[in-house]
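*Asks:* Here is my input, please return the structure:
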Amino acid sequence: MIRILLFAHIKEMVGKEEIVLSEQQMSVRQLRERLQHEYHLPIVSSLLIAVNEQFATDDHMIYAGDVVALIPPVSGG
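*Replies:* All right, here's what the predicted structure looks like:
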């Protein structure tokens with residue numbers, strides 16, 4: 001099981017604080033594609049993704065037991 005934590009407006013868009021996936025492994029790229037397909041997140045390509053509290057690239061593998069955080073882009077001044 002892969003646990004995905006949602007923050008800020010991503011949490012509001014999906015309607016929950018976390019998503020749990022039953023996959024044993026997937027790449028960050030595959031996760032982005034799945035989120036786009038299942039939740040229609042328009043900003044999925046601009047999300048920062050951290051796996052076990054470390055920022056990850058699209059080629060990074062996520063395994064069962066990992067905790068993933070979806071971090072929306074930050075703006076401000």
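
*Asks:* Which SSE is immediately downstream of the worst-scoring helix or strand of the chain on mean pLDDT?
*Replies:* None of the helices or strands of the chain scores lower by mean pLDDT, DSSP states H and E than helix 8-14, at a mean of 88. Later in the chain than helix 8-14, the nearest helix or strand by DSSP states H and E is strand 18-21.

*Asks:* That next one: which residues count as buried?
*Replies:* Using 16 or more other Cβ atoms under 10 Å as the test for burial, strand 18-21 gives I19, L21. (Glycine included, C-beta is placed from N, CA and C.)

*Asks:* Could you do stretch 67-77 as well?
*Replies:* Neighbour-count burial for stretch 67-77 [16+ other Cβ under 10 Å]: V68, A69, L70, P72.

*Asks:* which residues sit against it?
*Replies:* The contact list for stretch 67-77 (Cβ atoms under 8 Å, 6 or more residues apart in numbering) reads 2-10, 31, 35, 43, 46-53, 62.

*Asks:* Output the least confident helix or strand of the chain as CSV, nothing but the C-alphas.
*Replies:* Extracted in CSV, the C-alpha atoms of helix 8-14 (Å, rounded to 0.1, in the frame of the first residue of the first chain):
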residue,chain,number,x,y,z
ALA,A,8,-3.7,23.0,0.5
HIS,A,9,-6.0,23.3,-2.4
ILE,A,10,-5.1,19.8,-3.7
LYS,A,11,-6.8,18.4,-0.6
GLU,A,12,-9.9,20.5,-1.3
MET,A,13,-10.0,19.5,-5.0
VAL,A,14,-9.9,15.8,-4.2
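
*Asks:* before we move on, the earlier item: restricted to buried residues, select the contacts of stretch 67-77 in ChimeraX.
*Replies:* ChimeraX command restricting those to the buried ones, with burial defined by 16+ other Cβ under 10 Å:
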select :2,4,6,10,31,35,47,49,50,51,62
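
*Asks:* Restricted to strands, list the contacts of stretch 67-77.
*Replies:* Those of these mapping onto strands are I2, R3, I4, L5, L6, L48, I49, A50, V51, I62, per DSSP state E.
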